[in-house]
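Chemist: Kindly return the folded structure for what I paste below:
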Amino acid sequence: MTTIRDKTIWITGASSGIGRALALKLAEQHNFVIASSRGREALAELQRASPQRIRILECDVGDDAGMSAAGARLAEMTDQLDMVIACAGTCEYDDDLKLDTASYRRVFDANFFGVVNTLREALPLLANSRAPIFAATGSLSSVVGMPRAEAYGASKAALGYFLDAVRADCSHLRLHIAHIRPGFIDTPLTERNDFSMPFMLTAEQAAERVERGLARGQHIIDFPRRLSWPLRFFGFFRLLWFRYCAPRITRIHSLRKH
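Modeler: Numbers count the residues shown, from 1 in each chain. You can find the predicted model right below:
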């Protein structure tokens, strides 16, 4: 099986979940990994697992000025990036359509603008690689409209369009753009969910699928198939989703405030 080896890789959101699992897996395969997140202690623990292969770069991807400073520190660590995997993200649900714009901005800062900031700082270093890859983690929730996920799903849908546009702009360049769209993964974020999450995978299982997709040069990496194929079907036949599925899972039955 094709694996990723001997690369210099920057991973954001590396303190937990898919990002952490990817950092450990790729470090084991003789890659040099620069791991980023806001959690200093979690990053230090991650580095102890592979001190020769993992270096840490603490940053908040949603902080524009902070990411500019992180980009300068990144350039001091390496003069080249072969791969960037943007895994940082958050989720806040909109219960009862409160439409709290502060909540929406927090979600977009992490899930959308965080990826924009990451790509901006990575581009000069990716340009020095013979086969650069930029990958970002979206969500299968962006395929169809999910109840309560107005902020989260919209941020991931915006991310998908952004990646497509970057890919179009880079048609004459070597830069490979990959959009990772997982289903439910056992992470600190999903531990807070109070609803059924079918076909859940561990972070390690997700990392295996991400690495396999990136090694194969896929532009879209959807998993698990048992969830992605039905959602893509309903995304194409949207009327069926809104007529039969959405009414079963929404919690709103009145426009009155609860």
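
Chemist: Please enumerate the strands of the stretch 51-200 of the chain.
Modeler: For the stretch 51-200 of the chain, the strands defined by DSSP state E, counting those that start in this stretch occupy 54-58, 83-86, 133-137, 176-182, 185-186.

Chemist: Tabulate those in a markdown table, adding columns for distance to Glu28.
Modeler: The C-beta positions use only the backbone N, C-alpha and C, and glycine is treated the same way. As requested, the strands of the stretch 51-200 of the chain are arranged in a markdown table below (distance: least, CB to CB, whole Å):
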| stretch | distance to Glu28 |
| --- | --- |
| strand 54-58 | 10 |
| strand 83-86 | 15 |
| strand 133-137 | 19 |
| strand 176-182 | 20 |
| strand 185-186 | 20 |
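
Chemist: Is it possible to get TSV of these that adds mean pLDDT, mean neighbour count and distance to Arg20?
Modeler: Conversion of the strands of the stretch 51-200 of the chain to TSV gives the following (pLDDT from 0 to 100; neighbours: other CB atoms under 10 Å; distance: least, CB to CB, whole Å):
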stretch	mean pLDDT	mean neighbour count	distance to Arg20
strand 54-58	98	19	10
strand 83-86	98	26	12
strand 133-137	98	26	13
strand 176-182	98	22	14
strand 185-186	94	20	11
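
Chemist: quick check, Ile221 in a helix?
Modeler: No. Counting by DSSP: H, G, I helix; E, B strand; the rest coil, Ile221 falls outside a helix, being strand.

Chemist: The residue nearest to Ile177 when sequence neighbours are not counted and Arg48, how far apart?
Modeler: Distance criterion CB to CB, 6 or more residues apart in numbering; nearest residue to Ile177, sequence neighbours excluded, is Arg167 at 4.0 Å. When distances are taken as CB to CB, to the nearest Å, Arg167 and Arg48 turn out to be 37 Å apart.

Chemist: sorry, back to before: which one of the strands of the stretch 51-200 of the chain lies nearest to Arg5?
Modeler: Comparing these against Arg5 with CB to CB, the closest turns out to be strand 83-86 (11.4 Å).

Chemist: so how far is stretch 95-110 from its chain's centroid?
Modeler: Taking CA atoms, centre = their mean, to the nearest Å, the mean C-alpha location of stretch 95-110 is offset from the chain mean by 18 Å.

Chemist: Just the mean pLDDT for it, thanks.
Modeler: Along stretch 95-110, the predicted confidence averages to a pLDDT of 96.
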